[in-house]
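**Q** Using only what follows, build the 3D model:
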Amino acid sequence: MPSIVVAGSINQDLVIRSPRIPVPGESVIGRDLSYVRGGKGANQAVACARLGATTHFIGRVGADPFGESLIAGLIENGVDTSMTRRDPHAPSGVAVITIDPSGENAIVVAPGANARCDACDIPAALPAGTGAVLCQLETSLPFVEAALRAGRQAGALTILDAAPAPSAPLSDPILSWVDLLTCNETEARVLLGMAPDEHTSDETLADALATLGPATLVLKLGERGGLAWRAGERVRVVPPRVHVVDTTGAGDAFTGALAVALSEGLDLADSLAFAVHAGSLACTVLGAQPSMPSRAQVEQSLAADPHA
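**A** Numbering: from 1, shown residues only. A predicted model of the protein is given here:
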């Protein structure tokens, strides 16, 4: 099985089920509150571990009860936390998530210790046998760049999930270390300097993203599946039908599964199908880390899909 290093964020999620997502200035009475472990980096680490990869997590939590619980959650899922730091100068990251009856969500994140992740957190040598390094954009850019550089120097596949959408297009130094770039449509537009809500076809986005440099690009299309392209090869996969409970973490399940599949040597089409099914299954469970599917669940979903 592959060894994957995930460098990224880890949060305590406060999840509120609500009859609707409030508009500005509106107060809405929610149904219940759940405490769920999350953060894009930690979610993707749990996804990789549940899918069978030896997984290491690099990040920071606060020296507080949330931090202890977050690290315990990673360990419970088989993630190595020897490179996860407890920061005495900042609280653990927290995300407040509102979910409506359709499963759509609105999220506000207080980064806390995540914002203090720096290049010094990345070890001079990654664990032996590292096949992929996976990063996101919920931490500082120097931290992300250092992790990607270390992965490239170790001969590992470097993957950047450009989420959440950056405030401006990413710089060349970061993209130059990326082998595979993945994002959703909104994030793609921001990366390209477009308005987040500008109407653009999938194919137009694909062609434009291909000019940014990474050899492989994967577009997450939500309920429409995924689109991947590399060296003239373009693959589209439609998702299976599922009952949507909560879309939180679906993109992280997708990205973690993509990293595992590619690390195992699957081709681009099979890797994309594996990722799409993992992301779809994550929508059927409340919460981020609790929704990350097992290897058996993804394989069963693929076996039942007439399009696979």
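**Q** neighbouring strands for the host helix or strand of residue 97, and are they parallel or not?
**A** In the assignment (DSSP states H and E), residue 97 maps to strand 93-99. According to DSSP bridges, strand 93-99 forms sheet pairs with strand 11-17 (parallel), strand 105-110 (antiparallel).
**Q** Please state the offset of it from the chain centre?
**A** Its chain's C-alpha centre and that of strand 93-99 lie 16 Å apart, by C-alpha atoms, centre = their mean, to the nearest Å.
**Q** now stretch 75-95
**A** For stretch 75-95, the distance to the chain centre is 17 Å (C-alpha atoms, centre = their mean).
**Q** Now do the same contact list for the nearest residue to residue 281 once chain neighbours are set aside.
**A** Leaving out its chain neighbours, the residue that sits closest to residue 281 by C-beta to C-beta, 6 or more residues apart in numbering is residue 293, at 4.1 Å. No exception for glycine: its C-beta is placed from N, CA and C like everyone else's. Contacts for residue 293 (C-beta atoms under 8 Å, 6 or more residues apart in numbering) come out as 47, 50-51, 253, 278, 281-282, 301.
**Q** can you pick the most crowded of these?
**A** residue 47 (34 neighbours; other C-beta atoms under 10 Å).
**Q** and the helix or strand it falls within, what other elements does it pack with?
**A** Residue 47 is part of helix 40-50, with elements assigned from DSSP H and E. If you count contacts as 3 or more C-beta pairs under 8 Å, 6 or more residues apart in numbering; DSSP states H and E, helix 40-50 packs onto strand 3-7, strand 54-62, helix 65-76, strand 79-80, strand 130-135, helix 250-263.
**Q** quick check: angle from the second one to strand 93-99?
**A** To tie it back to what came earlier, the one meant is strand 54-62. 100 degrees (axes from the mean of the first three to the mean of the last three C-alpha atoms, to 10 degrees).
**Q** ok, now the longest one?
**A** Per the same axes, to 10 degrees, the angle that helix 250-263 makes with strand 93-99 is 110 degrees.
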